[in-house]
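Asker: here you go, sequence then predicted model.
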Amino acid sequence: MSAQREMKEKNPWHKPLTIIITVIGVIAIVALVTVAGLQNRPVFQKYKYGIVLDAGSSHTALYIYKWPAEKDNNTGRIEQKHSCKVKGKGISSYAAVPEKAGTSLTECMQEAEMQVPAWRHQETPLYLGATAGMRLLNMENKVASDKVFEAVEKALQRFPFSYQGARILSGQEEGAFGWVTVNYLDDRLKQGLQTTGALDLGGASTQISFVPHEYDISESPSNAVAFQLYGNYYNLYTHSFLCYGKDQALRMALAHQTRSGPIAISDPCFHPDYSVTRNYNTLYDSPCVSERKPKVAPLNFTHTGEGNFLQCQEVIRSLFNFKSCKYSKCSFNGIFQPPVQGSFGAFSAYYFVMNFLNLTDGSMSLETITNYVANYCSTPWDQIKKVYPDINEKYLAEYCFSGTYILTLLTEGYNFNTETFSKIKFIKEIKGSDAGWTLGYMLNLTNMIPAETKDSPPLPHAGYVSIVTVIVLLLFILVTLFILSFRSIWPKCSKEPQIV
Ligand SMILES: O=c1[nH]cnc2c1ncn2[C@@H]1O[C@H](COP(=O)(O)OP(=O)(O)O)[C@@H](O)[C@H]1O
Ligand SMILES: [Ca+2]
(Lines give C-alpha, C1' and ligand atoms only; values in the text may rest on other atoms or scores of the structure.)
(Ligands and ions follow the chains in the order given, each with its own letter.)
Protein backbone atom coordinates (compact mmCIF):
# COMPACT_ATOMS: atom_id res chain seq x y z
CA MET A 1 0.00 0.00 0.00
CA SER A 2 2.81 2.36 1.06
CA ALA A 3 4.78 1.31 -1.99
CA GLN A 4 1.79 2.11 -4.10
CA ARG A 5 1.47 5.56 -2.49
CA GLU A 6 5.20 6.12 -2.91
CA MET A 7 4.96 5.18 -6.58
CA LYS A 8 1.99 7.49 -6.94
CA GLU A 9 3.92 10.32 -5.30
CA LYS A 10 6.98 9.71 -7.47
CA ASN A 11 4.94 9.42 -10.71
CA PRO A 12 5.58 12.72 -12.57
CA TRP A 13 1.96 12.77 -13.85
CA HIS A 14 0.87 13.25 -10.26
CA LYS A 15 3.14 16.26 -9.70
CA PRO A 16 1.39 19.68 -10.07
CA LEU A 17 4.49 21.07 -11.85
CA THR A 18 4.24 18.40 -14.54
CA ILE A 19 0.58 19.10 -15.08
CA ILE A 20 1.22 22.85 -15.35
CA ILE A 21 4.07 22.23 -17.82
CA THR A 22 1.85 19.98 -19.91
CA VAL A 23 -1.06 22.43 -19.96
CA ILE A 24 1.27 25.31 -20.99
CA GLY A 25 2.81 23.03 -23.61
CA VAL A 26 -0.56 22.20 -25.13
CA ILE A 27 -1.55 25.89 -25.11
CA ALA A 28 1.74 26.80 -26.80
CA ILE A 29 1.23 24.19 -29.53
CA VAL A 30 -2.36 25.36 -30.12
CA ALA A 31 -1.10 29.00 -30.26
CA LEU A 32 1.65 28.06 -32.72
CA VAL A 33 -0.74 26.23 -35.02
CA THR A 34 -3.30 29.06 -34.82
CA VAL A 35 -0.77 31.83 -35.51
CA ALA A 36 0.75 29.89 -38.42
CA GLY A 37 -2.68 29.11 -39.82
CA LEU A 38 -3.89 32.71 -39.62
CA GLN A 39 -0.65 34.07 -40.99
CA ASN A 40 -0.66 31.85 -44.05
CA ARG A 41 -4.38 32.00 -44.76
CA PRO A 42 -4.98 33.56 -48.19
CA VAL A 43 -6.55 36.99 -47.73
CA PHE A 44 -8.90 37.03 -50.71
CA GLN A 45 -10.60 40.32 -50.00
CA LYS A 46 -7.52 42.50 -49.62
CA TYR A 47 -6.26 44.16 -52.78
CA LYS A 48 -4.00 47.03 -53.59
CA TYR A 49 -4.68 49.31 -56.54
CA GLY A 50 -2.90 51.41 -59.14
CA ILE A 51 -4.33 53.85 -61.70
CA VAL A 52 -2.86 54.75 -65.10
CA LEU A 53 -4.30 57.32 -67.50
CA ASP A 54 -3.44 56.70 -71.16
CA ALA A 55 -3.55 60.15 -72.73
CA GLY A 56 -3.57 59.09 -76.38
CA SER A 57 -3.77 61.34 -79.43
CA SER A 58 -7.45 60.55 -80.07
CA HIS A 59 -8.76 60.05 -76.54
CA THR A 60 -7.79 59.41 -72.92
CA ALA A 61 -8.59 56.17 -71.10
CA LEU A 62 -8.26 55.41 -67.40
CA TYR A 63 -7.26 51.97 -66.20
CA ILE A 64 -7.49 50.67 -62.64
CA TYR A 65 -5.32 47.68 -61.78
CA LYS A 66 -5.52 45.52 -58.67
CA TRP A 67 -3.31 42.90 -57.07
CA PRO A 68 -3.49 40.82 -53.88
CA ALA A 69 -2.19 42.90 -50.96
CA GLU A 70 -0.54 40.01 -49.10
CA LYS A 71 1.59 39.24 -52.14
CA ASP A 72 3.00 42.72 -52.24
CA ASN A 73 6.47 41.30 -52.51
CA ASN A 74 6.35 41.36 -56.32
CA THR A 75 4.69 37.99 -56.67
CA GLY A 76 0.96 38.75 -56.94
CA ARG A 77 -0.72 38.70 -60.31
CA ILE A 78 -1.94 42.09 -61.45
CA GLU A 79 -5.19 42.40 -63.33
CA GLN A 80 -7.33 45.17 -64.72
CA LYS A 81 -10.24 45.95 -62.42
CA HIS A 82 -11.92 48.70 -64.38
CA SER A 83 -11.47 51.02 -67.35
CA CYS A 84 -13.11 54.34 -68.21
CA LYS A 85 -13.09 56.13 -71.54
CA VAL A 86 -12.82 59.89 -71.10
CA LYS A 87 -15.48 61.72 -73.09
CA GLY A 88 -14.25 63.95 -75.89
CA LYS A 89 -10.91 64.04 -77.67
CA GLY A 90 -7.33 63.57 -76.47
CA ILE A 91 -5.69 66.11 -74.15
CA SER A 92 -3.56 67.51 -76.99
CA SER A 93 -6.74 68.77 -78.68
CA TYR A 94 -7.21 71.24 -75.81
CA ALA A 95 -4.09 73.24 -76.68
CA ALA A 96 -6.18 76.41 -77.09
CA VAL A 97 -8.20 75.82 -73.89
CA PRO A 98 -5.83 73.94 -71.54
CA GLU A 99 -8.13 74.00 -68.46
CA LYS A 100 -10.57 71.83 -70.37
CA ALA A 101 -7.91 69.13 -70.68
CA GLY A 102 -8.01 68.93 -66.87
CA THR A 103 -11.78 69.06 -66.43
CA SER A 104 -12.30 66.44 -69.15
CA LEU A 105 -10.76 63.88 -66.80
CA THR A 106 -13.11 64.58 -63.87
CA GLU A 107 -15.82 62.06 -64.67
CA CYS A 108 -13.48 59.09 -65.03
CA MET A 109 -11.54 60.16 -61.94
CA GLN A 110 -14.77 60.24 -59.93
CA GLU A 111 -15.49 56.75 -61.20
CA ALA A 112 -12.04 55.72 -59.96
CA GLU A 113 -12.88 57.13 -56.51
CA MET A 114 -15.88 54.82 -56.40
CA GLN A 115 -14.00 51.80 -57.74
CA VAL A 116 -11.06 51.91 -55.32
CA PRO A 117 -12.04 51.35 -51.66
CA ALA A 118 -11.77 54.66 -49.76
CA TRP A 119 -9.26 53.30 -47.24
CA ARG A 120 -6.87 52.51 -50.08
CA HIS A 121 -7.14 55.91 -51.84
CA GLN A 122 -4.11 57.54 -50.26
CA GLU A 123 -1.74 54.72 -51.05
CA THR A 124 -3.02 54.15 -54.62
CA PRO A 125 -0.47 55.45 -57.15
CA LEU A 126 -1.89 57.53 -60.01
CA TYR A 127 0.09 58.04 -63.24
CA LEU A 128 -0.66 59.83 -66.48
CA GLY A 129 1.31 58.99 -69.59
CA ALA A 130 0.81 60.90 -72.81
CA THR A 131 1.78 59.53 -76.21
CA ALA A 132 2.10 60.77 -79.77
CA GLY A 133 -0.58 63.48 -79.69
CA MET A 134 1.33 65.32 -76.97
CA ARG A 135 4.67 64.47 -78.64
CA LEU A 136 3.44 66.34 -81.71
CA LEU A 137 2.00 69.25 -79.72
CA ASN A 138 5.26 69.49 -77.79
CA MET A 139 7.18 69.71 -81.09
CA GLU A 140 4.78 72.24 -82.52
CA ASN A 141 4.10 74.44 -79.50
CA LYS A 142 6.01 73.69 -76.29
CA VAL A 143 4.26 76.43 -74.31
CA ALA A 144 0.83 75.03 -75.16
CA SER A 145 1.95 71.50 -74.30
CA ASP A 146 3.29 72.66 -70.89
CA LYS A 147 -0.01 74.42 -70.19
CA VAL A 148 -1.98 71.27 -70.96
CA PHE A 149 0.21 69.33 -68.50
CA GLU A 150 -0.21 72.04 -65.84
CA ALA A 151 -4.00 71.84 -66.17
CA VAL A 152 -3.95 68.05 -66.10
CA GLU A 153 -1.69 67.97 -63.01
CA LYS A 154 -3.92 70.42 -61.16
CA ALA A 155 -7.02 68.39 -61.95
CA LEU A 156 -5.45 65.07 -60.92
CA GLN A 157 -4.00 66.41 -57.67
CA ARG A 158 -7.50 67.28 -56.47
CA PHE A 159 -8.24 63.59 -56.08
CA PRO A 160 -7.25 61.64 -52.96
CA PHE A 161 -4.87 59.27 -54.74
CA SER A 162 -1.07 59.25 -54.55
CA TYR A 163 -0.35 61.34 -57.64
CA GLN A 164 2.93 60.26 -59.25
CA GLY A 165 3.16 62.69 -62.15
CA ALA A 166 2.17 63.22 -65.77
CA ARG A 167 4.67 62.99 -68.61
CA ILE A 168 5.16 62.23 -72.27
CA LEU A 169 6.40 58.69 -72.90
CA SER A 170 9.13 58.28 -75.47
CA GLY A 171 8.20 56.14 -78.47
CA GLN A 172 10.69 53.55 -77.22
CA GLU A 173 8.97 53.36 -73.82
CA GLU A 174 5.56 53.09 -75.46
CA GLY A 175 6.74 50.16 -77.57
CA ALA A 176 8.65 48.39 -74.80
CA PHE A 177 5.88 48.69 -72.19
CA GLY A 178 3.32 47.36 -74.69
CA TRP A 179 5.58 44.34 -75.17
CA VAL A 180 5.93 43.88 -71.37
CA THR A 181 2.13 44.05 -70.94
CA VAL A 182 1.40 41.40 -73.57
CA ASN A 183 4.04 39.00 -72.29
CA TYR A 184 3.18 39.59 -68.62
CA LEU A 185 -0.51 38.88 -69.21
CA ASP A 186 0.36 35.76 -71.21
CA ASP A 187 2.51 34.57 -68.27
CA ARG A 188 5.48 34.27 -70.61
CA LEU A 189 7.94 36.28 -68.54
CA LYS A 190 7.69 34.41 -65.24
CA GLN A 191 7.88 31.06 -66.98
CA GLY A 192 10.71 32.13 -69.25
CA LEU A 193 8.73 31.07 -72.35
CA GLN A 194 9.32 32.32 -75.92
CA THR A 195 7.99 35.85 -76.02
CA THR A 196 5.34 37.40 -78.27
CA GLY A 197 6.01 40.52 -80.30
CA ALA A 198 3.79 43.58 -79.85
CA LEU A 199 2.23 45.70 -82.59
CA ASP A 200 0.47 48.87 -81.45
CA LEU A 201 -1.35 51.13 -83.89
CA GLY A 202 -2.40 54.47 -82.46
CA GLY A 203 -3.82 57.56 -84.07
CA ALA A 204 -0.54 59.48 -84.27
CA SER A 205 2.19 56.84 -83.92
CA THR A 206 2.70 53.12 -84.30
CA GLN A 207 5.07 50.75 -82.52
CA ILE A 208 6.68 47.42 -83.35
CA SER A 209 8.52 45.46 -80.62
CA PHE A 210 9.87 41.91 -80.65
CA VAL A 211 12.83 39.76 -79.64
CA PRO A 212 14.68 39.06 -82.92
CA HIS A 213 16.28 35.72 -83.70
CA GLU A 214 19.81 36.91 -84.25
CA TYR A 215 20.13 40.42 -83.01
CA ASP A 216 23.19 42.60 -83.40
CA ILE A 217 22.28 45.44 -81.03
CA SER A 218 25.27 47.48 -82.11
CA GLU A 219 23.78 48.00 -85.57
CA SER A 220 21.26 50.47 -84.19
CA PRO A 221 21.57 50.82 -80.39
CA SER A 222 18.66 53.28 -80.21
CA ASN A 223 16.27 50.47 -81.20
CA ALA A 224 17.47 48.11 -78.48
CA VAL A 225 16.04 47.72 -74.99
CA ALA A 226 17.61 45.23 -72.61
CA PHE A 227 15.50 43.74 -69.81
CA GLN A 228 16.16 41.39 -66.96
CA LEU A 229 12.80 40.07 -65.78
CA TYR A 230 12.30 37.19 -63.33
CA GLY A 231 15.91 36.18 -63.89
CA ASN A 232 15.63 36.04 -67.71
CA TYR A 233 17.47 38.37 -70.07
CA TYR A 234 15.72 39.88 -73.10
CA ASN A 235 17.16 41.94 -75.92
CA LEU A 236 14.16 43.67 -77.35
CA TYR A 237 14.00 45.44 -80.69
CA THR A 238 11.52 48.32 -80.67
CA HIS A 239 10.67 51.24 -82.89
CA SER A 240 7.98 53.88 -82.82
CA PHE A 241 7.07 55.70 -86.04
CA LEU A 242 5.75 59.15 -85.27
CA CYS A 243 3.09 60.27 -87.79
CA TYR A 244 2.40 56.66 -88.81
CA GLY A 245 -0.60 56.17 -86.51
CA LYS A 246 -3.72 55.71 -88.63
CA ASP A 247 -5.10 59.26 -88.24
CA GLN A 248 -1.83 61.00 -89.13
CA ALA A 249 -1.19 58.47 -91.91
CA LEU A 250 -4.57 59.42 -93.39
CA ARG A 251 -3.55 63.08 -93.21
CA MET A 252 -0.31 62.23 -95.02
CA ALA A 253 -2.26 60.30 -97.67
CA LEU A 254 -4.61 63.25 -98.19
CA ALA A 255 -1.67 65.65 -98.23
CA HIS A 256 -0.02 63.50 -100.91
CA GLN A 257 -3.16 63.71 -103.03
CA THR A 258 -3.65 67.47 -102.52
CA ARG A 259 -0.01 68.50 -102.91
CA SER A 260 -0.79 70.61 -105.96
CA GLY A 261 -3.69 72.38 -104.21
CA PRO A 262 -6.66 71.07 -106.27
CA ILE A 263 -10.31 71.93 -105.60
CA ALA A 264 -11.29 68.26 -105.66
CA ILE A 265 -9.66 64.83 -105.30
CA SER A 266 -10.94 61.38 -106.15
CA ASP A 267 -9.53 59.17 -103.39
CA PRO A 268 -9.09 55.40 -103.99
CA CYS A 269 -9.05 54.83 -100.17
CA PHE A 270 -12.67 55.95 -99.73
CA HIS A 271 -15.87 54.29 -100.94
CA PRO A 272 -17.40 55.09 -104.35
CA ASP A 273 -20.01 57.88 -103.99
CA TYR A 274 -18.43 59.15 -100.78
CA SER A 275 -18.15 62.94 -100.89
CA VAL A 276 -17.33 65.58 -98.25
CA THR A 277 -15.84 69.07 -98.22
CA ARG A 278 -12.56 69.42 -96.34
CA ASN A 279 -10.67 72.49 -95.25
CA TYR A 280 -7.05 72.88 -96.35
CA ASN A 281 -5.97 74.64 -93.13
CA THR A 282 -7.49 71.92 -90.95
CA LEU A 283 -5.89 69.15 -93.01
CA TYR A 284 -2.41 70.66 -92.90
CA ASP A 285 -2.58 71.65 -89.22
CA SER A 286 -0.17 68.97 -87.99
CA PRO A 287 3.63 68.73 -87.91
CA CYS A 288 3.27 65.48 -89.89
CA VAL A 289 2.14 67.39 -92.99
CA SER A 290 2.47 71.14 -92.31
CA GLU A 291 5.66 71.47 -94.34
CA ARG A 292 3.98 70.00 -97.40
CA LYS A 293 1.11 72.50 -97.52
CA PRO A 294 0.68 73.74 -101.10
CA LYS A 295 1.69 77.39 -101.56
CA VAL A 296 -1.43 78.13 -103.55
CA ALA A 297 -4.67 76.39 -102.61
CA PRO A 298 -8.33 77.24 -102.19
CA LEU A 299 -9.94 77.27 -98.73
CA ASN A 300 -11.61 73.88 -99.20
CA PHE A 301 -11.46 70.87 -101.45
CA THR A 302 -14.03 68.23 -102.30
CA HIS A 303 -12.99 64.80 -101.13
CA THR A 304 -14.75 62.08 -103.11
CA GLY A 305 -14.22 58.32 -102.99
CA GLU A 306 -13.26 55.83 -105.66
CA GLY A 307 -12.96 52.59 -103.72
CA ASN A 308 -9.94 51.00 -105.37
CA PHE A 309 -7.78 48.89 -103.08
CA LEU A 310 -4.75 48.56 -105.39
CA GLN A 311 -4.63 52.28 -106.13
CA CYS A 312 -5.11 53.02 -102.42
CA GLN A 313 -2.08 50.82 -101.71
CA GLU A 314 -0.14 52.92 -104.25
CA VAL A 315 -1.03 56.10 -102.34
CA ILE A 316 -0.07 54.48 -99.02
CA ARG A 317 3.24 53.23 -100.47
CA SER A 318 4.12 56.83 -101.23
CA LEU A 319 4.11 57.56 -97.46
CA PHE A 320 7.03 55.18 -96.95
CA ASN A 321 10.58 55.68 -98.10
CA PHE A 322 12.00 52.29 -99.07
CA LYS A 323 15.10 53.63 -100.80
CA SER A 324 17.67 54.61 -98.22
CA CYS A 325 18.92 52.01 -95.74
CA LYS A 326 22.38 52.17 -94.19
CA TYR A 327 21.84 48.96 -92.18
CA SER A 328 21.78 45.27 -93.08
CA LYS A 329 17.95 45.48 -93.19
CA CYS A 330 15.37 48.22 -92.82
CA SER A 331 11.64 48.55 -92.40
CA PHE A 332 11.14 51.98 -94.01
CA ASN A 333 12.37 55.56 -93.76
CA GLY A 334 15.91 54.23 -93.24
CA ILE A 335 15.00 52.60 -89.90
CA PHE A 336 16.84 49.43 -88.94
CA GLN A 337 14.68 46.36 -88.40
CA PRO A 338 15.75 42.72 -88.13
CA PRO A 339 13.42 40.13 -89.77
CA VAL A 340 10.21 39.67 -87.79
CA GLN A 341 10.34 36.66 -85.48
CA GLY A 342 7.72 34.47 -83.79
CA SER A 343 4.14 35.26 -82.88
CA PHE A 344 2.75 38.79 -82.51
CA GLY A 345 -0.13 40.43 -80.69
CA ALA A 346 -1.57 43.41 -82.61
CA PHE A 347 -3.74 45.70 -80.51
CA SER A 348 -5.33 49.16 -80.22
CA ALA A 349 -6.42 50.40 -83.70
CA TYR A 350 -5.12 47.16 -85.32
CA TYR A 351 -7.83 45.40 -83.34
CA PHE A 352 -10.57 48.03 -83.78
CA VAL A 353 -10.20 48.02 -87.55
CA MET A 354 -9.74 44.27 -88.07
CA ASN A 355 -12.56 43.51 -85.65
CA PHE A 356 -14.91 45.84 -87.50
CA LEU A 357 -13.98 44.13 -90.78
CA ASN A 358 -14.53 40.72 -89.15
CA LEU A 359 -10.95 39.72 -89.88
CA THR A 360 -9.70 38.71 -86.43
CA ASP A 361 -10.27 34.99 -87.00
CA GLY A 362 -6.74 33.60 -86.93
CA SER A 363 -7.41 30.98 -89.62
CA MET A 364 -7.77 33.54 -92.45
CA SER A 365 -4.87 33.77 -94.85
CA LEU A 366 -3.26 37.05 -95.89
CA GLU A 367 -4.73 36.54 -99.37
CA THR A 368 -8.28 36.07 -98.05
CA ILE A 369 -7.94 39.14 -95.84
CA THR A 370 -6.58 41.25 -98.71
CA ASN A 371 -9.42 40.18 -101.01
CA TYR A 372 -11.96 40.98 -98.31
CA VAL A 373 -10.58 44.51 -97.75
CA ALA A 374 -10.43 45.11 -101.53
CA ASN A 375 -14.06 44.07 -101.84
CA TYR A 376 -15.07 46.18 -98.83
CA CYS A 377 -13.39 49.28 -100.34
CA SER A 378 -15.22 48.89 -103.64
CA THR A 379 -18.64 48.80 -101.91
CA PRO A 380 -20.54 52.07 -102.49
CA TRP A 381 -20.79 54.43 -99.51
CA ASP A 382 -24.62 54.41 -99.40
CA GLN A 383 -24.64 50.65 -99.12
CA ILE A 384 -22.03 50.71 -96.34
CA LYS A 385 -24.11 53.23 -94.37
CA LYS A 386 -27.19 51.01 -94.74
CA VAL A 387 -25.37 47.91 -93.53
CA TYR A 388 -23.85 49.71 -90.52
CA PRO A 389 -26.42 52.32 -89.45
CA ASP A 390 -25.17 52.38 -85.83
CA ILE A 391 -21.49 52.96 -86.50
CA ASN A 392 -20.02 56.42 -86.08
CA GLU A 393 -19.77 57.82 -89.66
CA LYS A 394 -16.27 59.19 -89.22
CA TYR A 395 -14.93 55.74 -88.26
CA LEU A 396 -17.12 54.04 -90.86
CA ALA A 397 -15.81 56.16 -93.73
CA GLU A 398 -12.20 55.45 -92.76
CA TYR A 399 -12.22 51.65 -92.39
CA CYS A 400 -11.32 51.13 -96.07
CA PHE A 401 -8.27 53.38 -95.70
CA SER A 402 -7.40 51.91 -92.28
CA GLY A 403 -7.69 48.30 -93.46
CA THR A 404 -5.53 48.99 -96.51
CA TYR A 405 -3.04 50.95 -94.39
CA ILE A 406 -2.74 48.09 -91.87
CA LEU A 407 -2.08 45.51 -94.61
CA THR A 408 0.46 47.74 -96.37
CA LEU A 409 2.26 48.71 -93.16
CA LEU A 410 2.54 45.09 -92.02
CA THR A 411 3.57 43.53 -95.34
CA GLU A 412 5.57 46.24 -97.06
CA GLY A 413 6.58 48.33 -94.04
CA TYR A 414 7.55 45.63 -91.54
CA ASN A 415 8.06 42.85 -94.12
CA PHE A 416 5.57 40.28 -92.84
CA ASN A 417 5.01 37.63 -95.54
CA THR A 418 2.19 35.11 -96.03
CA GLU A 419 3.72 32.79 -93.46
CA THR A 420 4.76 35.29 -90.76
CA PHE A 421 1.48 37.24 -91.17
CA SER A 422 -0.42 34.13 -90.04
CA LYS A 423 1.33 34.44 -86.66
CA ILE A 424 -0.23 37.83 -85.95
CA LYS A 425 -3.20 37.74 -83.57
CA PHE A 426 -5.45 40.79 -83.49
CA ILE A 427 -6.32 41.21 -79.84
CA LYS A 428 -8.14 43.67 -77.59
CA GLU A 429 -7.37 42.07 -74.27
CA ILE A 430 -5.65 39.14 -72.62
CA LYS A 431 -7.35 37.40 -69.67
CA GLY A 432 -9.61 40.38 -69.05
CA SER A 433 -6.91 43.08 -69.13
CA ASP A 434 -6.57 45.41 -72.13
CA ALA A 435 -3.46 45.08 -74.28
CA GLY A 436 -1.56 48.39 -74.32
CA TRP A 437 1.41 50.10 -72.72
CA THR A 438 -0.30 51.15 -69.46
CA LEU A 439 0.09 47.92 -67.47
CA GLY A 440 3.77 47.55 -68.43
CA TYR A 441 4.31 51.19 -67.44
CA MET A 442 2.83 50.63 -63.99
CA LEU A 443 4.67 47.32 -63.48
CA ASN A 444 7.90 49.15 -64.19
CA LEU A 445 7.26 52.19 -62.00
CA THR A 446 6.07 50.15 -59.04
CA ASN A 447 8.92 47.61 -59.39
CA MET A 448 6.41 44.79 -59.62
CA ILE A 449 8.54 42.62 -61.88
CA PRO A 450 11.66 41.55 -60.01
CA ALA A 451 14.84 41.20 -62.04
CA GLU A 452 15.69 37.97 -60.20
CA THR A 453 13.43 34.99 -59.59
CA LYS A 454 12.58 34.25 -56.00
CA ASP A 455 12.05 30.51 -55.64
CA SER A 456 11.90 30.55 -51.82
CA PRO A 457 8.48 31.32 -50.27
CA PRO A 458 7.91 34.95 -49.35
CA LEU A 459 9.42 35.96 -45.98
CA PRO A 460 6.89 36.11 -43.15
CA HIS A 461 6.86 39.53 -41.58
CA ALA A 462 8.78 40.37 -38.41
CA GLY A 463 5.88 39.92 -35.96
CA TYR A 464 5.14 36.48 -37.29
CA VAL A 465 8.78 35.47 -36.99
CA SER A 466 9.05 36.72 -33.37
CA ILE A 467 5.86 35.01 -32.24
CA VAL A 468 6.90 31.71 -33.75
CA THR A 469 10.41 32.04 -32.25
CA VAL A 470 9.05 32.71 -28.73
CA ILE A 471 6.63 29.79 -28.93
CA VAL A 472 9.29 27.41 -30.22
CA LEU A 473 11.69 28.49 -27.44
CA LEU A 474 8.96 28.00 -24.84
CA LEU A 475 8.23 24.54 -26.19
CA PHE A 476 11.93 23.67 -26.06
CA ILE A 477 12.18 24.72 -22.39
CA LEU A 478 9.01 22.80 -21.52
CA VAL A 479 10.22 19.64 -23.23
CA THR A 480 13.56 19.90 -21.40
CA LEU A 481 11.84 20.36 -18.04
CA PHE A 482 9.54 17.47 -18.82
CA ILE A 483 12.41 15.13 -19.64
CA LEU A 484 14.30 16.18 -16.51
CA SER A 485 11.31 15.52 -14.25
CA PHE A 486 10.82 12.07 -15.82
CA ARG A 487 14.51 11.19 -15.51
CA SER A 488 14.39 11.93 -11.75
CA ILE A 489 11.71 9.25 -11.25
CA TRP A 490 12.27 6.60 -13.92
CA PRO A 491 15.22 4.70 -12.37
CA LYS A 492 13.36 4.28 -9.02
CA CYS A 493 10.18 3.25 -10.74
CA SER A 494 11.92 0.45 -12.55
CA LYS A 495 13.33 -0.92 -9.27
CA GLU A 496 9.95 -0.98 -7.45
CA PRO A 497 8.92 -4.53 -8.46
CA GLN A 498 12.18 -5.93 -6.99
CA ILE A 499 11.41 -4.32 -3.60
CA VAL A 500 7.94 -5.94 -3.60
O1 LIG B 1 -13.97 51.95 -82.25
C2 LIG B 1 -13.00 52.32 -82.90
N3 LIG B 1 -12.92 52.10 -84.25
C4 LIG B 1 -11.88 52.50 -85.00
N5 LIG B 1 -10.83 53.13 -84.49
C6 LIG B 1 -10.84 53.38 -83.17
C7 LIG B 1 -11.90 53.01 -82.31
N8 LIG B 1 -11.60 53.41 -81.04
C9 LIG B 1 -10.39 54.00 -81.11
N10 LIG B 1 -9.96 54.00 -82.39
C11 LIG B 1 -8.71 54.53 -82.93
O12 LIG B 1 -7.61 53.97 -82.23
C13 LIG B 1 -6.54 54.89 -82.26
C14 LIG B 1 -6.08 55.09 -80.85
O15 LIG B 1 -4.97 55.90 -80.87
P16 LIG B 1 -4.49 56.70 -79.57
O17 LIG B 1 -5.49 57.71 -79.19
O18 LIG B 1 -4.11 55.72 -78.54
O19 LIG B 1 -3.27 57.47 -80.18
P20 LIG B 1 -1.68 57.36 -79.94
O21 LIG B 1 -1.41 56.01 -79.36
O22 LIG B 1 -1.07 57.53 -81.29
O23 LIG B 1 -1.36 58.48 -79.02
C24 LIG B 1 -7.09 56.18 -82.89
O25 LIG B 1 -6.75 56.20 -84.25
C26 LIG B 1 -8.59 56.02 -82.76
O27 LIG B 1 -9.29 56.70 -83.76
CA1 LIG C 1 -2.21 54.56 -77.93
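Answerer: Yep, it's here. Numbering: from 1, shown residues only. Ligands and ions are numbered 1, 2, ... in the order given.
Asker: confidence score at the residue of the stretch 1-150 of the chain found nearest ligand 2?
Answerer: Taking C-beta to the ion, ligand 2 has its nearest neighbour within the stretch 1-150 of the chain at G56, 4.0 Å off. Glycine gets a C-beta too; all of them are placed from N, C-alpha and C. Note on G56: pLDDT of 98.
Asker: G362 now?
Answerer: Confidence at G362, expressed as pLDDT, is 93.
Asker: show me what contacts S378?
Answerer: The neighbours of S378, taking C-beta atoms under 8 Å, 6 or more residues apart in numbering as the test, are H271, P272, G307, N308, F309.
Asker: if we can go back for a sec, just list the residues touching the residue of the stretch 1-150 of the chain closest to ligand 2, thanks.
Answerer: G56 makes contact with G90, A130, T131, A132, G133, G202, G203, according to C-beta under 8 Å, 6+ apart.
Asker: switch the cut-off to 7 Å
Answerer: Neighbouring residues of G56 by C-beta atoms under 7 Å, 6 or more residues apart in numbering: G90, T131, G133, G202, G203.
Asker: now swap in A397 and tell me
Answerer: Counting by C-beta under 7 Å, 6+ apart, A397 makes contact with F270, Y274.
Asker: what mean pLDDT does the strand or helix carrying it get?
Answerer: Under the criterion of DSSP states H and E, A397 resides in helix 393-408. Per-residue pLDDT values across helix 393-408 average out to 98.
Asker: so is it next to ligand 1?
Answerer: Yes. Using C-beta under 6 Å from any ligand atom, helix 393-408 reaches ligand 1 at Y395.
Asker: the residue of the stretch 1-150 of the chain closest to ligand 2 and F161, how far apart?
Answerer: From G56 over to F161 the distance is 21 Å, taken as C-beta to C-beta, to the nearest Å.
Asker: could you do K48 as well?
Answerer: In terms of C-beta to C-beta, K48 sits 12 Å off from F161.
Asker: and R167, by the same measure?
Answerer: With C-beta to C-beta as the criterion, R167 and F161 are 17 Å apart.
Asker: the two: who's more crowded?
Answerer: F161 (22 against 14; other C-beta atoms under 10 Å).
Asker: tell me how many other residues surround the residue nearest to that one when sequence neighbours are not counted.
Answerer: Nearest non-adjacent residue to F161, counting by C-beta to C-beta, 6 or more residues apart in numbering: L126, 4.0 Å away. Other residues near L126 number 25, with proximity taken as other C-beta under 10 Å.
Asker: correct me if wrong: L126 contacts Q164.
Answerer: Yes. Between L126 and Q164 a contact is recorded at 6.1 Å, counting by C-beta atoms under 7 Å.
Asker: which parts of the protein sit against ligand 2?
Answerer: When proximity is defined as C-beta under 5 Å from the ion, the chain approaches ligand 2 at G56, G202.
Asker: biggest strand in the chain by residues?
Answerer: Determined from DSSP state E, the single longest strand within the chain is strand 232-242.
Asker: what's the following helix or strand after it?
Answerer: Next along the chain after strand 232-242, taking DSSP H and E as the criterion, comes helix 246-257.
Asker: which residues are in contact with G102?
Answerer: Counting by C-beta under 7 Å, 6+ apart, G102 touches A151, V152, K154, A155.
Asker: centre of the chain to stretch 415-428, how far?
Answerer: Distance of stretch 415-428 from its chain centroid, counting by C-alpha atoms, centre = their mean, to the nearest Å, is 20 Å.
Asker: give me the contact list for that stretch.
Answerer: With contacts defined as C-beta under 7 Å, 6+ apart, stretch 415-428 is touched by 199, 331, 339-340, 342-347, 350-351, 354-355, 360, 362, 365-366, 410-411, 434-435.
Asker: give me the buried entries from these.
Answerer: Buried members of the contacts of stretch 415-428, counted by 16 or more other C-beta atoms under 10 Å: 199, 331, 340, 344-347, 350-351, 354, 360, 366, 410-411, 434-435.
Asker: count the neighbours of the residue of the stretch 301-450 of the chain found nearest ligand 2 for me.
Answerer: Closest residue of the stretch 301-450 of the chain to ligand 2, C-beta to the ion: S348 (5.3 Å). By the criterion of other C-beta under 10 Å, S348 has 26 neighbours.
Asker: for T370, same thing?
Answerer: For T370, the neighbour count with other C-beta under 10 Å is 20.
Asker: got the contact list for it?
Answerer: So T370 contacts L407 (C-beta under 7 Å, 6+ apart).
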